[in-house]
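**Student:** Attaching a predicted model along with its sequence, questions to come.
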Amino acid sequence: MMIRRELHFGRVVPCFSDRLPTIDATFRAAAAAGPAAPAVIDGTSRLSYGELDQRVEALARGLTARGLRKGHRLATLIGNRLAFVELSLACARLGIIHVPLNTRQRRPEIEYALNQCGAAAIVHEAASGAELPDPGAVPDLRLRYVVGGSFAGSEPYERLFESPAADVSRAGVDEEDPFAILYTSGTTGRPKGAVLSNLGAVHSCLNYHHAMGLGPADRMILAVPAAHVTGLIAIVHAILSVGGCLIIMSQFKARAFLELVERERATATLIVPAMYNLCLLDPEFDRFDLSSWKVGAFGGAPMPEATARRMREKCPLMALFNVYGSTETTSPVTVLPRDAGPDRLDSVGVVLPTVDVRVMGDDGREVPAGEPGELWIAGSTVVPGYWQNAEADETAFAGGYWKSGDIGSIDAEGFVRIVDRKKDMINRAGYKIYSAEVEDVLTYHPSVTEVAVVGYPDPVLGERVQAFVVVHRETNEGELQRFCAERLSDYKVPDRFIFVDGALPRNPNGKLLKNALRRWNEPTPA
C-alpha cells in the first residue's frame, strides 16, 4: 500500500494513503461485504456479520437512550466474551471511549482508573461485582450493568439493548477521536491511561493484515485477555476489520486450546511463547489435526529457540511471526517476516511501514547502526498521549517520539533486537509488571520496613515475581501474599518472598542495587 506523510496530533507521521477513517467504518465495510459470513464464535453462540451489526446498532441505541454521548467513557470489567466485542464496537460507533479493565484487577486499581478517566458507565462480570468501588467513591459513575449473572446495584446487560427511541441522533466520529483508554502500569506505581485513537487502531489493524497476510478466510482465536492491547487490537479488531472470524476462548487451557483449533479449523493465533510451550507439553499433542493453523504469531516475551524449533517440526505449515509492540504504540512496532532465516531468531523483526524507530543515546543523539540505545518510536500508531496526565506526557514523549524504555539496536539490514529493559519491569508470560507498583503496595503492610521486587527466571512463564523484604515484626509469606492479593491483580502478587536480615543492598548514594538482588537468584558455581 502507498505511504504518505500526514500531520496528526501536531506530528508528521507515515500513513497508509488508502484507508478507512475509523474502527466503526472498517467493521461496517466488512459487514456490508459479507453479511452472512461468520463473525464471532463464543462457545455455542455464533453470529454472522449481519447479526453482529444488528446487535451493535441496538446496543448503540440503548447506550444513547441512557444519556451516553461521544467523548463519554464507558469501562468494561469483563473477560473474553461476546459482550466485550459488542461493547467495543458500539462505543466505536458512537465515539464513546471504551476503557477496558482486566478482571484480575482489584478494587483499589479499579477505583483509581474509574476516577482518573471519569467513567460514566461500567459493564462488569457478576463475579467481579465485589471488586467494584462503592458509589460514593466513584461519583462520576452513574450506570452499572452486569453480565454472566446478577449483582445488586447493577442492571442486566441485555437491558441495554432495549431502547424506546426509534432512532437517535449522534455526532460524527473522526479518525483523530479517541477510541479507547488502556491503563498501563507506571514506574511510579500509578497507572497511566494511554489514549488510543481511531487513526492508530486502524493503522495497526492494516499493519497486521499486511504483515501476516490476514484476510476474510481467516479464523483467529482470542486466547489472551481482550482487555489488553494485544487482544483488543491485534486480535478482536484486526480480524473483524478484514472480515474474518473471531473465535473467543474465555480462558486459556492448553488442551482446550488444541481442541478448539482442531474443531473450528482456526488459521491464526497471537499468544505468548509460554502458551505455545504449554501446548507442546501436552502428551497428546500429536493426535490433534492442526493443519489449518497457518499463522502462529507471538509477542510479549522472547520465544525460546527450542520452542520455535519444535513448533516448526510439529506444524510445518505454520509461519511463526514475532511481534514487538506496546500499549503506547497501539500494539505492533515490528514483525519478524515469515521468510526470515534461522539466524534472525534473536530479532523481533523489521519496523512496520507506518512506524519510525530511532535508537537514541542518553545524550539525545542517534547512535550508529548496530549499536544499542533506547528505542524511540513514532508513527501513526503511537498514542497522542496519556489521559489528563501532562506530567507523564512530558516524561514519555520527545520530538513526536515515544521513549519506550527498551534498550535495543537496529542492524544494517533493518532488523531490530531488544537487548535489555531500561524500565524496571517484570515480564510474566506476557503480562508486564512494574516493580514499583508491587513495592508501593507492600510498603503499606504494617510489618514491612523495606522492600524490593525483582523477577526471577521461570522455564514456562519466562519470569516470576519475587519480593525481598526487611521486616520489623513477625509476619510470613502467606500473610504478605494475601495482603497483596487484596490490592493487586493476581499475576502481580509475588510468587515468593525472601526475608532479609539487616538492610537491602545499596550503593554509597543510597540507590537500591537490584542487580545484586537478581544475582542472589543465580545458582552458585559448583
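**Tutor:** Good, I have the coordinates.
**Student:** All the helices of the stretch 201-350 of the chain, in order from the start?
**Tutor:** Here the stretch 201-350 of the chain has its helices, by DSSP state H, counting those that start in this stretch, at 229, 238-240, 254-264, 273-280, 305-314.
**Student:** Glu57: which of these is closest?
**Tutor:** helix 238-240 (15.1 Å; CB to CB). C-beta here means a position set from N, CA and C on the backbone, and glycine is covered the same way.
**Student:** Over that closest one, what's the mean pLDDT, rounded is fine.
**Tutor:** For helix 238-240, the mean pLDDT works out to 98.
**Student:** next one: that helix to chain centre, how far?
**Tutor:** Distance of helix 238-240 from the chain centroid (CA atoms, centre = their mean, to the nearest Å) equals 15 Å.
**Student:** For Thr103, see how far away Thr184 is.
**Tutor:** Relative to Thr103, Thr184 is positioned 17 Å away (CB to CB, to the nearest Å).
**Student:** what's the answer for Tyr324, then?
**Tutor:** Using CB to CB, Tyr324 is found at 26 Å from Thr103.
**Student:** The two - which one has more neighbours?
**Tutor:** Tyr324 (27 against 19; other CB atoms under 10 Å).
**Student:** for that one, which residues make a bridge with it?
**Tutor:** Thr334 (DSSP bridges).
**Student:** likewise Gly379?
**Tutor:** Val355.
**Student:** From Cys315, how far out is it?
**Tutor:** Going from Gly379 to Cys315 by CB to CB gives 32 Å.
**Student:** cool, Cys205 as well?
**Tutor:** Distance, Cys205 to Cys315, using CB to CB: 25 Å.
**Student:** okay, these two: which has more neighbours?
**Tutor:** Remark: of Cys205 and Cys315, Cys205 carries more neighbours, 28 against 19, as counted by other CB under 10 Å.
**Student:** Quickly note the distance from that one to Leu114.
**Tutor:** Taken as CB to CB, the span from Cys205 to Leu114 is 28 Å.
**Student:** Run through the helices of this structure in chain order.
**Tutor:** Applying DSSP state H to the chain gives helices spanning 23-33, 49-65, 82-94, 107-117, 198-212, 229, 238-240, 254-264, 273-280, 305-314, 390-396, 435-442, 477-485, 514-519.
**Student:** Can you check what angle separates the fourth one from helix 435-442?
**Tutor:** In terms of direction (axes from the mean of the first three to the mean of the last three CA atoms, to 10 degrees), helix 107-117 departs from helix 435-442 by 120 degrees.
**Student:** Likewise for the first one?
**Tutor:** If you take the same axes, to 10 degrees, helix 23-33 sits at 110 degrees to helix 435-442.
**Student:** gap between helix 23-33 and the chain center?
**Tutor:** 23 Å.
**Student:** One more: the last one?
**Tutor:** Shown here is helix 514-519, whose average C-alpha point lies 28 Å from the average C-alpha point of the whole chain (CA atoms, centre = their mean).
**Student:** if we look at that helix, which residues are touching it?
**Tutor:** Helix 514-519 is contacted by residues 424, 435, 452, 454-456, 468, 504-505 when judged by CB atoms under 8 Å, 6 or more residues apart in numbering.
**Student:** Bridged to the closest residue to Trp376 other than its chain neighbours, which residues?
**Tutor:** Once flanking residues are discounted, Trp376 sits nearest to Tyr401: 3.9 Å by CB to CB, 6 or more residues apart in numbering. Beta-bridge pairing of Tyr401 under DSSP bridges involves Ala398.
**Student:** Does Tyr401 touch Ile377 like I think?
**Tutor:** Yes - taking CB atoms under 8 Å as the definition, Tyr401 is a contact partner of Ile377 at 6.3 Å.
**Student:** Show me which of these two is the more surrounded one.
**Tutor:** Using other CB under 10 Å, the more surrounded residue of Tyr401 and Ile377 is Ile377, with 22 against 19.
**Student:** show me the contacts for the more buried one.
**Tutor:** 328-329, 333, 355-357, 401-402, 404.
**Student:** pLDDT score for the closest residue to Ala29 other than its chain neighbours?
**Tutor:** Among residues not flanking Ala29 along the chain, Leu20 sits closest, at 6.2 Å (CB to CB, 6+ apart). Per-residue pLDDT puts Leu20 at 98.
**Student:** Number of residues surrounding Leu20?
**Tutor:** Leu20 has 18 neighbours, counted by other CB under 10 Å.
**Student:** let's number from 41 now, not from 1
**Tutor:** That works, and once the first residue is 41, the last one we named lands at Leu60.
**Student:** Might one say that His512 is in contact with Thr489?
**Tutor:** Yes - applying CB under 8 Å, one finds His512 in contact with Thr489, separated by 4.8 Å.
**Student:** mind listing what Ile273 touches?
**Tutor:** 236, 241, 244-245, 370-371.
**Student:** Can you get me the start-to-end distance on stretch 72-88?
**Tutor:** 11 Å (CA to CA, to the nearest Å).
**Student:** now that stretch: how far from the chain's centre is it?
**Tutor:** On CA atoms, centre = their mean, the centre of stretch 72-88 falls 24 Å from the chain's centre.
**Student:** Deepest-packed of the helices of the chain, please.
**Tutor:** helix 278-280 (a mean of 28; mean count of other CB atoms under 10 Å).
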